[in-house]
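Undergrad: what follows is a predicted protein model with its sequence.
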Amino acid sequence: TDGQKLTATSTLAILAAGMSETSADNRAAIATAGGIPPLVALLAGGVESGAAENAAAALWNMVIGCDVNSDAIREAGAIPQLVALLAGGVESKTAENAAGVLCNMASGNTATCDAIREAGAVPQLVALLAVGTESGAAENAVGALANLAIDCDVNRDAIREAGGIPSLVALLAGGAASGVAETAADTLKEMEHFDAVLSAVASAHADTAA
């Protein structure tokens with residue numbers, strides 16, 4: 001039943017959370033028991049589905065410190081479904097969780113970064129930045145973009161073409177105490193499109209002065 005799916009996915013998300021040895025053992029046990037494909041299948045419920053929201057949270061936790069799980073999630077066909085969930089926008093916890101999965105999966109994994117870009121994630125991740133530094137969705141999205149930009153000109157170009165540079169510059173207004181602003185700065189450093197960055201900074205300054 002739907003209630004059972006909600007309970008099961010919520011429990012798996014809790015078991016997989018955290019950095020402790022027990023949490024790592026739980027993640028390994030879930031994967032070994034074949035838990036990843038059913039969680040991926042539940043993403044198809046869409047942004048309004050509580051089971052999809054919880055499944056995305058569980059997958060987000062499953063990727064913590066585990067490239068094997070990241071590869072298994074990609075191979076189970078999760079990336080297009082996660083990208084589809086981003087369409088829920090900044091008010092959607094499901095979209096926030098999906099961006100978190102993509103952020104973790106993109107860390108140091110070239111094949112996954114390529115798959116994320118090819119699934120059309122970049123424009124939707126950029127769109128999530130618009131809500132600003134206080135948003136969990138923006139935090140996860142900027143983290144995903146930062147990981148995508150590392151050592152990959154194709155991804156950098158995709159971020160620039162999606163209008164990412166002005167959006168990243170806008171996040172710098174969060175200041176030195178903001179982790180989101182810091183990640184945005186790191187992403188801009190990776191971008192190497194210096195003319196576009198300078199233009200966006202100048203435009204943002206002009207808007208503030210006005």
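TA: Looks like it came in fine. Computed from a predicted model, the values in this text were never measured in an experiment.

Undergrad: from residue 184, how far off is the nearest residue to residue 132 once chain neighbours are set aside?
TA: Residue nearest to residue 132 in three dimensions, not counting chain neighbours: residue 138, with 6.2 Å by C-beta to C-beta, 6 or more residues apart in numbering. All C-beta atoms are positioned from the backbone trio N, CA, C, and that covers glycine. According to C-beta to C-beta, to the nearest Å, residue 138 stands 9 Å off from residue 184.

Undergrad: end-to-end on stretch 112-131?
TA: Taking C-alpha to C-alpha, to the nearest Å, stretch 112-131 runs 26 Å from one end to the other.

Undergrad: what pLDDT, on average, does that stretch get?
TA: Averaging pLDDT along stretch 112-131 yields 95.

Undergrad: lowest average confidence across helices and strands of this protein, where is it?
TA: helix 194-209 (a mean of 55; mean pLDDT, DSSP states H and E).

Undergrad: quick one: low-confidence ranges for the protein?
TA: 192-210 (pLDDT under 70).

Undergrad: before we move on, the earlier item: quick one: contacts for the residue nearest to residue 132?
TA: 90, 128, 129, 130, 131, 132, 171, 180 (C-beta atoms under 8 Å, 6 or more residues apart in numbering).

Undergrad: tell me how many other residues surround the fifth one.
TA: Read that as residue 131. 15 (other C-beta atoms under 10 Å).

Undergrad: center of this protein, which residue is that?
TA: residue 99 (2.7 Å; C-alpha atoms, centre = their mean).

Undergrad: which residues sit in contact with the nearest residue in space to that residue that is not next to it in sequence?
TA: Using C-beta to C-beta, 6+ apart and skipping residues adjacent in sequence, the residue nearest residue 99 is residue 140, 3.7 Å away. Contacts here follow C-beta under 8 Å, 6+ apart; on that basis residue 140 touches 96, 99, 100, 102, 103, 128.
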